[in-house]
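J.: Show me the folded form of this:
(one chain, ligands or ions: 1)
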Amino acid sequence: MGKDVIIACDFNSKNEVLNFLDKFTEEKPFVKIGMELFYSEGPDIVKEIKKRGHKIFLDLKLCDIPNTVKKSMKVLTELNVDMLNLHAFGTIAMMEAAIEGITHEDGTRPILIAVTLLTSTSEERMKRDLLINEMLPDVVLHYANNAKIAGLDGVVCSPLEAGLVKERCGKDFITVTPGVRFADGKLGDQVRVTTPQRAKELGSDYIVVGRPITESEDPVEAYRRCVREFIG
Ligand code: C5P
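T.: Numbers count the residues shown, from 1 in each chain. Next up is the predicted model:
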């Protein structure tokens, strides 16, 4: 399993994202396409970026009844993406259905990872709004383990949780970690952050980096710096 830096392409139009990717003349970074871009531009934007030779993490966080998720995952897999995700909250049955949906006839499939609890969910809100009365880290690890049981490849989590997730689910269980900032960079709205180098030490497999690259004066150099620090 390869370690990699994934650029979060949080743009809302085709022009913006393609202008951004045009800057990369020597390398073809792994990119993350989220709901905003996908809903505004549709599947064609995925095909266009794929055609340019990038690997794609399609971050649409599916959560519905198993049959709907299975069929939707099948459609998304036909876009030839490399990584997809869903909410572990949808239960093991939904995650198993998703695996069926993404698996090609020859048995190959894209990487499938789960969102455990959104980082915007505090323990207080989880208890009050969702009536989940366990400790938040226990819920995160329980959901990660459910994803493992269902046959998923890993989870999205903070680099600070990567070690615990691997302890619970095994070292080959992939951790995809946002919340990455350069030591001398801006935090933006992220609170618990780590540097690419620290994420590497903590055992992340993929770091997801958005604004430190997309808002940099020199995005290519910022990307290269991430790669140097994270992969070496
Ligand atoms: O710009 P920045 O580096 O903060 O971007 C991080 C990316 O990772 C964004 O696309 C954000 O939505 C996503 N993300 C996150 N925290 C999570 C899950 C996803 O920052 N817990």
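
J.: per-residue confidence averaged over stretch 156-165?
T.: If you average the pLDDT over stretch 156-165, you get 94.

J.: roughly how far is that stretch from the heart of the chain?
T.: 13 Å (CA atoms, centre = their mean, to the nearest Å).

J.: In PDB, could you pull the C-alpha coordinates for that stretch?
T.: Extracted in PDB, the C-alpha atoms of stretch 156-165 (Å, rounded to 0.1, in the frame of the first residue of the first chain):
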ATOM      1  CA  VAL A 156     -10.800   9.000   7.500                       C
ATOM      2  CA  CYS A 157      -9.400  10.200  10.900                       C
ATOM      3  CA  SER A 158      -7.100  12.700  12.500                       C
ATOM      4  CA  PRO A 159      -3.400  11.800  12.300                       C
ATOM      5  CA  LEU A 160      -3.600  12.000  16.100                       C
ATOM      6  CA  GLU A 161      -6.000   9.000  16.000                       C
ATOM      7  CA  ALA A 162      -4.100   7.000  13.400                       C
ATOM      8  CA  GLY A 163      -2.200   5.000  16.000                       C
ATOM      9  CA  LEU A 164      -5.200   4.000  18.000                       C
ATOM     10  CA  VAL A 165      -7.100   3.000  14.800                       C
END
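
J.: What lies in contact with it?
T.: Here stretch 156-165 makes contact (CB atoms under 8 Å, 6 or more residues apart in numbering) with 85, 113-116, 119, 137, 140-141, 144, 154-155, 173, 175-180, 192, 194, 198-199, 202-204, 207-208. To be clear about C-beta, it is placed using only N, CA and C from the backbone, and glycine gets the same treatment.

J.: right, is it up against the ligand?
T.: Yes. Using CB under 6 Å from any ligand atom, stretch 156-165 reaches the ligand at V156.

J.: which parts of that stretch are buried?
T.: V156, C157, S158, P159, L160, E161, A162, L164, V165 (16 or more other CB atoms under 10 Å).

J.: Same question for stretch 218-232.
T.: For stretch 218-232, the neighbour count (16+ other CB under 10 Å) marks P219, A222, Y223, R224, R225, C226, V227, E229, F230 as buried.
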